[in-house]
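Next input, structure requested:
(chains A and B)
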Amino acid sequence: MIRFDRVRKVYEDGFVALKNIDIEFKEGELTVLIGPSGCGKSTLMKLINRLNKPSQGRVLIREKDISNIDPVELRRSIGYVIQNIGLFPHMTIASNVAVVPRLLKWDKARIDKRVDELLRLVNLEPDTYRNRYPSELSGGQQQRIGIIRALAANPDIILLDEPFSALDPITREQLQDELVRLQQELKQTIVFVTHDMDEALKIADTIVLMKDGDIVQTGRPERILRHPANEFVKSFIGEKRLQTETADELYTVDEVMTENTVTAYPTRGLAEAIKLMEKRKVDSLIVVDRNHTLLGYASIFRVLDRFREENATLSDVMIPFEHVVESGTPITAAITLMNEHALPYVPVIRGARFAGLITKGSIVRHLADVYTPVETTDAVIPEMAAAGMEAEQLSQEQKGGGAI
Amino acid sequence: MDMFFRYVGENWIYLIELAYQHILMVLLAILFALVVGVPLGIVAARVPKLANLILGLANVVQVFPSLAMLVLLMIVFGLGFTTVVIGLFLYSLLPIIRNTYVGLTQVDPAITEAGRGVGMSSLQLLFRVQLPLAMPFVFTGIRVAAVIAIGVATIAPLIGGEGLGREVYSGINMDNPARLYAGAIPAALLALLADLFLGKLQRRVGQGKAA
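Residues are numbered from 1 along each chain as shown, chains lettered A, B, ... in the order given. Have a look, this model is predicted:
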């Protein structure tokens, strides 16, 4: 869709902003340009709508060299959203949104219809907002207008230059979600500049990491997290993010489960079962056969219900498990399962054989192992707090995951 | 005081005529100053190299004492109405150029970039974004220029012009305070009214932005 062919940008004072950039932005993708300030990401983006022009090399859109296209025409066909929003303060919201259609000389009825449609797209009631001025809107609302202004003439390319960096975190999250939603609906090619890694990971189809006018690494967020190209990428992603990602992925149920469980054969009588529970201080037994194949469980209530029947055995009262996890499953999947079905525990099987049990206790023990406090007593409290936060984050992610 | 009211009562038609000439000179001068000054202000804002030259020249004109300037102009243009209008025009230039310049340069660069980014041509950017946003400043310029011009116009009779100044000088020459007041008070009122009216207009122009 958009291709950079050996593009170099040198400013008049000799500063090399971009060194020999070759890159392609794929059609219908949301590509995030990210890097520390001064890395050339904004410069690169502004080459696309000719707010900058390359010193060497070519920028092509659909294989057409854009230096042959009239810049004004070109810009009208590309949506552009800037960090400082840049709404025209002397124009109403409707006029702001209608800027490009008016430049393109659409007729009035069509413009009015389009404005209402766009306002609804970002959940702003047209009758309420149409005739207001930008200064009457909150920052988040203003940037929503900034975005729909860019969408107004249905451009198939949209450039966003750190659009959300001036917003408070909550508004920023909302707008990120809206942007992703809009992109999925409208399928434009989006180039998004940011210096916020969380933002990039959240919204990007492809991340382009830049440093000192060079592209350091390009790839799917997942790939960049798993295989950072070098130390710079690692440090930019942040050790912590890498850490938690690996923690989530690498730990499987096998490491977390407790093997110290109370099992019983189905042939056991109920009195024996009660004795066993008393002795091991548990409220249910895992029922397995002689090959250790998982059959089900018997809770103390079920056992007591049928206690009078002298010939009854565990096989009569046990209930098969509705949910089990295979050995090798990531622990996060097991936690999701437990949260979703409100299970107190979930058994782990290898083949058909019972291997162990994931309980809330075993998860907490595992977390304590992973985030071992450092030796000095001073550090103990913050570390514990951190472990608690991770656990909370984990469960929040689970909920989020459930909603999708 | 009594004499003053009697004088005004007897000569009000003449006084209105003088006030009308006064206003006419000022209006014409401001109008020309707008026609010349706004484009100069735009050029100054767009071509930074010329900014110093343009603003400097306008400044030089401004610091000339008004009487000296009018006398110099009289040497070139002779006595009369035109000379006065030219003098007032020169005096009005600086506030208008400077305020147009300031108004245009204070436009948030983000807004200018947004304008360029959505595909406005240079002229569209100027007329649809920059000038409207500079309007409150331009109006301040007009307001200042008008008040100055109304004041300076009172010395017009010295170089053959008309206006309320005529009554002031007659009053001085004939040692007639009633006539002096009959010229000076309306001239002062005129300046106050102009300031008030243009201030209101300016607020209305700036409304979109301030609201």
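
ranges for the helices of chain B?
For chain B, helices defined by DSSP state H occupy the ranges B:2-46, B:48-63, B:66-77, B:81-105, B:109-117, B:122-124, B:131-152, B:165-173, B:177-205, B:207-210.

Excluding sequence neighbours, find me the nearest residue to residue 152.
Since no chain was named, I'll use chain A. Spatially, and ignoring its direct neighbours in sequence, residue A:152 is nearest to residue A:100 (5.0 Å; CB to CB, 6 or more residues apart in numbering or on different chains). Just so you know, the C-beta spots here come from the backbone N, C-alpha and C atoms, and that holds for glycine as well.

should've been chain B
Distances taken as CB to CB, 6+ apart put residue B:66 closest to residue B:152, at 4.7 Å, once the chain neighbours are dropped.

Hmm, residue A:149 is touching residue A:97, no?
Yes - using CB atoms under 8 Å, residue A:149 is in contact with residue A:97, at 5.1 Å.

Just the pLDDT for the residue nearest to residue B:152.
Here, the pLDDT recorded for residue B:66 equals 79.

hmm, back to that, which residues are in contact with the residue nearest to residue A:152?
A:76, A:149, A:152-153, B:118-119 (CB atoms under 8 Å, 6 or more residues apart in numbering or on different chains).

rerun that using 6 Å as the cut-off
Applying CB atoms under 6 Å, 6 or more residues apart in numbering or on different chains, we find residue A:100 in contact with A:76, A:152-153, B:118.

Count the residues that sit near whatever residue of chain B ends up closest to chain A.
Closest residue of chain B to chain A, CB to the nearest CB: residue B:114 (2.9 Å). Residues lying near residue B:114 (other CB atoms under 10 Å in any protein chain shown) number 26.

now do residue B:172
Using other CB under 10 Å, residue B:172 has 13 other residues around it.

mind checking how far the nearest residue to it once chain neighbours are set aside is from residue A:343?
Excluding the flanking residues, the one nearest residue B:172 by CB to CB, 6+ apart is residue B:180, at 6.2 Å. Using CB to CB, to the nearest Å, residue B:180 is found at 102 Å from residue A:343.

now do residue B:132
65 Å.

Ignoring the adjacent residues along the chain, who's closest to residue B:29?
Once flanking residues are discounted, residue B:29 sits nearest to residue B:88: 3.3 Å by CB to CB, 6+ apart.

should've said residue A:95
Closest residue to residue A:95 apart from its sequence neighbours, by CB to CB, 6+ apart: residue A:88 at 7.4 Å.

And what about the one you found, helix, strand or coil?
Look at residue A:88: counting by DSSP: H, G, I helix; E, B strand; the rest coil, its state is coil.

Just give the number of residues close to the residue of chain A found nearest chain B.
As assessed by CB to the nearest CB, chain B sits closest to residue A:86 within chain A, at 2.9 Å. A count of nearby residues for residue A:86, using other CB under 10 Å, gives 27.

I'd assumed residue B:111 was in contact with it.
Yes - the pair residue A:86 and residue B:111 passes the contact test of CB atoms under 6 Å, sitting 5.1 Å apart.

Strands of the stretch 101-250 of chain A, start to end?
A:157-161, A:189-194, A:206-211, A:214-219 (DSSP state E, counting those that start in this stretch).

where's the residue nearest to residue A:152, which helix or strand?
helix A:99-103 (DSSP states H and E).

And for residue B:11, nearest residue in space, chain neighbours not counted?
Per CB to CB, 6+ apart, closest to residue B:11 is residue B:182, 7.1 Å.

Check that neighbour and give its pLDDT.
86.

dump the residue contacts of it.
For residue B:182, the contact set (CB under 6 Å, 6+ apart) comprises B:7-8, B:15, B:167.

out of the residues you listed, who has the most neighbours?
Most neighbours among the contacts of residue B:182, by other CB under 10 Å: residue B:167, with 28 neighbours.

That residue contacts residue B:180, correct?
No - taking contacts as CB under 6 Å, residue B:167 lies outside contact range of residue B:180: 7.1 Å.

Mind listing the residues bridging to residue A:4?
residue A:23, residue A:59 (DSSP bridges).
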